[in-house]
Every structure is written in structure tokens, then in C-alpha cells.
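Participant: Dropping the sequence and predicted coords here.
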Amino acid sequence: MKRLFAIVNAPPGVPPVTGVVSVSHPLLRLAPLFRPRWLLLGVCMALLFLATGLGLVGPQLIARAIDQDLVAGDVPALQRTAALYLFIVLAGMATRYLGRVGIERVAQGAMLDLKRQLFDHLLRHDLAFHDEHSPGRLITRVQGDTQALHVLFTEVVLATPPDIAMVFGVAWLLWRESPEVALMVGAVLPPYILALMIFRRVAPPRFLKVRELRSTLTGFLAGHIRAMPTLRRFDREAWVRGRSDTLNEEVYAADVHAAWPPVFYYNGLFAIRQLGFAAVLWGGGLMVARDALTVGVLVMGMGYLRQLFNPLMRLSFHLTTLERARAGSLRIASILDDQPAVREPAEPVPWPGLDDAIRLEAVDFAYTPETPVLRQLSITIEAGTHVAVVGPTGGGKSTLLNLLMRFRDPTGGAITVDGVPLTELSLNELRRKVGLVLQDVLLFPGTVLDNLGGDRARATRACETLGLTIDLDAAVSAGGENLSRGERQLLTFARALVNAPEVLVLDEATSAVDPATEARVQAALETLRAGRTVITVAHRLATVRDCDRIYVLSGGEIVERGDHDALIASGGVYAALYQLQHGEAA
């Protein structure tokens, strides 16, 4: 697995480096995210080590109070020891609190950076990637997996060094006071390690299965809740409910299956701890009875045993998180390793200005190698002309638009603008110069101005051009459901015009509006065509009658080309489609 180490450290807008050394440890994968925060991280770790050291002092003070102050009947000394113990406890609480708060800040900042880079990567990725990954799974990667990494960092990774220091500190202090007690306390470790090994072998596959099923359920809910109005219109609520119940039952069964190992494991750990207390108390009591051990040292051993179990129990409680975080880091790395097929050129060529023509030269394209969609497609779209692409459904029209917008790249041939290949142009500049209006209207929650790019002057100019009277500060609900169909369609036109594009690409842009709205749009387009190149994809041939040139695309090939009158006169595919739609030959 290519390491997340190099990927997450890539500067914004620069493709991450891949193909580097494999690293499987989550800490090393996360390390670059914490590089800007090393100072705060170091201070927090120092505070946690200090809190660990203070915690080791507490049982020592209790042993002194029992064996020295109480035995001697020295009340002032006992009071001083009690005051010192109180100070140690309060200081330990304060240092641990400050260390934990600081580490939480470091972790939150690092995970925020990771989420930004992951989301930016998803934004930059091409359509093929989003076709292969459901929104629910991607949401789980951005939210769920990063949260698991956050818990891993705060509760396991950075807690481990102080915990290890505490274990060695307990071993040294107990061995110095009484090797016998040290051995009795240490005897609880082998059963714990054995239980841990069994749990790690049995539990992780079950946890991963639960996570996969939850991701599937999340994707299903995300897609179908959004489509609820459509489901209601077609009386599909019962089907959705049944499918949701099935998925929830699968998650429930997997949850139950995954819950059994932790039940046995955690109860086993508590049993080991209690048996350990009993063994130390029994063995230590016998030693006290023989005057081979003082009561204070015995109590100290009991206190250290309690402290020793704290990190062991903490690691146990977060072992599930550890496995989830490890799996999450691999999934995040696999997404970040998956680089877009459509990439920003290393040295973009400035937009040349469309003075000559857009040319498709022997363009081939296939979504899968065995199924070609476009074959040797050659089209010339001269500057300032209105060109239409028509043909039967499935002929490749929308694919052609994807290539023109460079949402995908041809598998063969080239597309050029005034001789400059699209692959050499900046993606952002290309998509500012080419305005796109789709048949499917997609508006975002927010305001009208938000949906038009946020620039009030440009948004106002675009709306005025279309004759659209609308409050730019008006709220837009999810999907624009609070607007009429015509308003939503006109807003998509205004959005395409905001950047004053040189080329307009219209994909069935007026197919779903009423005749009055379509007349307004067509009138606006007549104005917009001046000085612009317009490319229209349409099924309704009445909308392309006045185009300068019409290309008939069928089976991935251009089968006819010409203006409306010439194509009708030829009596070919276009004439047949026109007659089918209008019941007449012209």
C-alpha cells in the first residue's frame, strides 16, 4: 500500500507523490499531518509524561504514611504527607488535563487538514471515479474513517508512550521495594496478553464486516432519502422500507455477531484484574504475617496494580477503534492513491481564444475496452456558429459533451481549440470559457446568489440577459424545490453565463420547460449567440432547425451532417427522426 505519509503532505493543487515506500503503521501514515504542530505536540507529551510520573509518586506516599508516619504516631508528618499527596493528585490532574486538551487540539487540527485534502481530492477527481464509488461510501471515508483516526491518535497512539513509561516505572519501583510483590503483580500480564491475542484474531474481521455493511446502508439511505419525492410519486415507499429493513437487519446481525468477542474479552479482563488483586492480597498478606513485607508496601503494590490495569483496559477498550482506524487509513490511502485520469497539465497553455474552430480529430472513446462508444469521430465546430448534435438515444451525444468539457479524455484521437489540445489547457480556465447547461437541473441549498457563483455584479448581468427577475438573496431549498421548474432551468442558464463564456454547451437545456419559458430562453439565446459558439445536444429536432450545422450521431459515428433543409432533403436518419416527431417530412 502506498503510504499516506507522502500523499497527505502534498501541497494543495499539486498531485501527491505515489509509488513510494510502503508503510502500514497508522502513526507513520498520519505523521506529516502533525508536522506543523510538533511544538504543541511535544509540550503535550511532556505534560502527559509528567502526569505519569506524578501518578507513580502517589502509592509511594501512601506507603510512607502507613509504614512511617502511622507507625511512629507522628501526626504532623502524616499531615505533611497527606498535603503532599493532595498536591501530587491535583498536579497530576492539572497536567493530564492540559496535556489531553492540547492533544485534542492537535488531533482536531490534523483531522481537519486530512478532511480538507481528502475532500479536495474528491473534488478534483474525474467522473469515472465517482461512477465507481457511491456517495455513501465516500461520505463514510471523509467522516467516519477520519473520526476513527482521530480516536486512534488521541486515545491510543499518544497515550501509549506514557503508558509504557508507567509500566516500566511500576516494575522498577516494585522491584526495588519487594521483588516478590513485583512478580505477583507481573503475573497478571501473561493471561492478559493471551486474551488480547485471541481477541485480535477473532474480533477484527467481524468489526470490518459491520463497517462495510454500515457503509452500504449509509449509501442506500443517502441516495433514497434524497429521492423521496420521486419514490412517493411512484408508490415505491413500501419497497424502500423493505430494502431498508433488510439492510438494517444485516447490520443488526453483524453487530450481534461482532459484540460477542468484546463481551467475553472485557469480562475476562475484569476477572483477571480481580483475581490479580486477590492473589496479591493473599500472597502479600502471608508475607506481612511473616514480617517479610510491610503493610505500606503491600498497599503500594495494590495501588500500582490498579494503575497498571488502567492502560491495559484503555488499550482493550480502544482495540476496536485501533482496527477500524487501521482499516480506515488503508481505505483513505487507497482513495488518495487513486489519481484522476483527467489531470491538470504540468504547464498549462493559456486559453487561445476561439477564433478558428474546435476540432475533434478521429476521436475514439470507450468506458470499457470491450464496448466502444465513439469511433473515429471527426467534427469541426467553427467559431461563432451554432452546431447541433442529434441522434437516437445511446448514440454517444452526452459522451461527446463530456469530452468537450474534459470531464473525460478520449481513448484515441484529439480535441483542439484553435489548434491547442484540450489536455494542455487549464481545467479551470477551460470550464470558465465553456458554459454548460444540462437537462438535469441541480441547484444547491443556499441563496440564488450562491448558486450563481457569489459575484453579485456578474449574477445580476446574467439574470438581466435572460430577462429573469429574481431576488438574488432569496433562499433556495435542497434541489431548488421552492422554485418553479422554469425558474430552476433559467437559473442554470444564468449560472452558465456568469463567467461570460465564449462557448455555450446545451444538453437538452429546454426539454423540461413550458413553451413560454422556452420562448424566453430561445430569445435570450439569440442574443447570446452573437460572438459565441453554441453547441446543442437535443432530441427535440424542432429546437435545432435554425442551427448552422447539424451532426447526426448514431452508434458512436457521424452518419449525417448538414443543415436542416439539406438533411430533410436527403431522406436519411435525420429526416426519419423528424417525421417520427412531427408527422411530416419538413
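Facilitator: Received it, and whenever you're ready, just let me know what you need. Please read these numbers as outputs of a predicted model, since none were measured by experiment. Numbering: from 1, shown residues only.
Participant: Can you show me the strands along this protein?
Facilitator: 357-368, 371-382, 386-390, 412-417, 420-421, 434-437, 446-447, 475-476, 503-507, 533-537, 549-554, 557-562 (DSSP state E).
Participant: At the geometric centre of the chain, which residue do we find?
Facilitator: By Cα atoms, centre = their mean, the mean C-alpha position of the chain lies nearest to residue 142, the distance being 2.4 Å.
Participant: I'd say that residue and residue 119 touch.
Facilitator: Yes: proximity of residue 142 to residue 119 meets the contact threshold set by Cβ atoms under 8 Å, at 6.0 Å. No exception for glycine: its C-beta is placed from N, CA and C like everyone else's.
Participant: just for the stretch 301-450 of the chain, where's the confidence low?
Facilitator: Where the stretch 301-450 of the chain drops to pLDDT under 70, the residues are 315-321, 323-324, 327.
Participant: Check which helices and strands the lengthiest helix in the chain is in contact with.
Facilitator: For the chain, the longest helix by residue count, based on DSSP state H, is helix 237-289. Applying 3 or more Cβ pairs under 8 Å, 6 or more residues apart in numbering; DSSP states H and E, one finds that helix 237-289 contacts helix 179-186, helix 189-226, helix 295-317.
Participant: Let's see that with 6 Å instead.
Facilitator: Packing partners of helix 237-289 (3 or more Cβ pairs under 6 Å, 6 or more residues apart in numbering; DSSP states H and E): helix 189-226, helix 295-317.
Participant: Single out the most deeply packed of those.
Facilitator: Counting by mean count of other Cβ atoms under 10 Å, helix 295-317 has the highest mean neighbour count of the helices and strands packed on helix 237-289, with a mean of 19.
Participant: residues in contact with it?
Facilitator: For helix 295-317, contacts defined as Cβ atoms under 6 Å, 6 or more residues apart in numbering pick out 59, 62-63, 66-67, 163, 170, 174, 177-178, 181, 185, 192, 269, 273, 276, 280, 284, 288.
Participant: Please convert the buried members of the residues you listed into PyMOL selection syntax.
Facilitator: Of the contacts of helix 295-317, the buried ones go into a single PyMOL selection, burial set by 16 or more other Cβ atoms under 10 Å:
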select buried, resi 59+62+63+66+67+163+170+174+177+178+181+185+192+269+273+276+280+284
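Participant: Lowest average confidence across helices and strands of the chain, where is it?
Facilitator: helix 4-7 (a mean of 34; mean pLDDT, DSSP states H and E).
Participant: Can you show me the CA trace of stretch 72-89 as CSV?
Facilitator: The C-alpha trace of stretch 72-89 is given here as CSV (Å, rounded to 0.1, in the frame of the first residue of the first chain):
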residue,chain,number,x,y,z
ALA,A,72,5.7,6.5,64.6
GLY,A,73,2.5,8.2,65.6
ASP,A,74,3.8,11.4,64.0
VAL,A,75,0.7,13.4,63.3
PRO,A,76,2.4,16.4,61.8
ALA,A,77,4.4,14.2,59.5
LEU,A,78,1.2,12.4,58.5
GLN,A,79,-0.4,15.7,57.8
ARG,A,80,2.6,16.8,55.6
THR,A,81,2.4,13.5,53.7
ALA,A,82,-1.3,13.9,53.2
ALA,A,83,-0.9,17.5,52.0
LEU,A,84,1.9,16.4,49.6
TYR,A,85,-0.3,13.6,48.3
LEU,A,86,-3.2,16.0,47.7
PHE,A,87,-0.8,18.3,45.8
ILE,A,88,0.5,15.4,43.7
VAL,A,89,-3.1,14.3,42.9
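Participant: in that stretch, what's buried?
Facilitator: Under 16+ other Cβ under 10 Å, the buried positions of stretch 72-89 are 78, 81, 85, 88.
Participant: can you list the residues that contact it?
Facilitator: Applying Cβ under 6 Å, 6+ apart, the set of residues contacting stretch 72-89 from outside is 54, 57-58, 61, 64-65, 69.
Participant: go with 10 Å
Facilitator: Stretch 72-89 has contacts (Cβ atoms under 10 Å, 6 or more residues apart in numbering) with 53-62, 64-66, 68-70.
Participant: now, which of the residues you listed lie within helices?
Facilitator: 53-62, 64.
Participant: can I get those in a markdown table with distance to residue 579?
Facilitator: Output for those, formatted as a markdown table (distance: Cβ to Cβ, whole Å):
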| residue | distance to residue 579 |
| --- | --- |
| 53 | 91 |
| 54 | 91 |
| 55 | 89 |
| 56 | 93 |
| 57 | 96 |
| 58 | 94 |
| 59 | 96 |
| 60 | 99 |
| 61 | 100 |
| 62 | 100 |
| 64 | 105 |
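Participant: Most neighbours of all the residues you listed, which one?
Facilitator: Within the ones in helices among the contacts of stretch 72-89, most neighbours by other Cβ atoms under 10 Å means residue 59, with 25 neighbours.
Participant: Tell me the spacing between that residue and residue 226.
Facilitator: 58 Å (Cβ to Cβ, to the nearest Å).
Participant: How about residue 442?
Facilitator: Distance, residue 442 to residue 226, by Cβ to Cβ: 11 Å.
Participant: now do residue 312
Facilitator: Residue 312 is 46 Å from residue 226, by Cβ to Cβ.
Participant: centre of the chain versus stretch 69-89, how much separation?
Facilitator: Centroid separation for stretch 69-89 versus its chain: 56 Å, with Cα atoms, centre = their mean, to the nearest Å.
Participant: With stretch 385-405 instead?
Facilitator: 32 Å.
Participant: follow-up on the earlier one: out of the strands of the chain, which gets nearest to residue 493?
Facilitator: Between residue 493 and the strands of the chain, the tightest spacing by Cβ to Cβ is seen for strand 434-437, at 5.6 Å.
Participant: The closest one pairs with which strands?
Facilitator: strand 503-507 (parallel) (DSSP bridges).
Participant: Could you list the residues in contact with the partner strand?
Facilitator: 354, 358, 381, 383, 386, 388-389, 397-398, 400-402, 404-405, 417, 430, 433-440, 493, 496-497, 521, 525, 528-529, 532-538, 543-544.
Participant: cutoff 8 Å now
Facilitator: Contacts to strand 503-507, defined as Cβ atoms under 8 Å, 6 or more residues apart in numbering, come from residues 354, 358, 397-398, 401, 404-405, 433-439, 496, 525, 528, 532-538.
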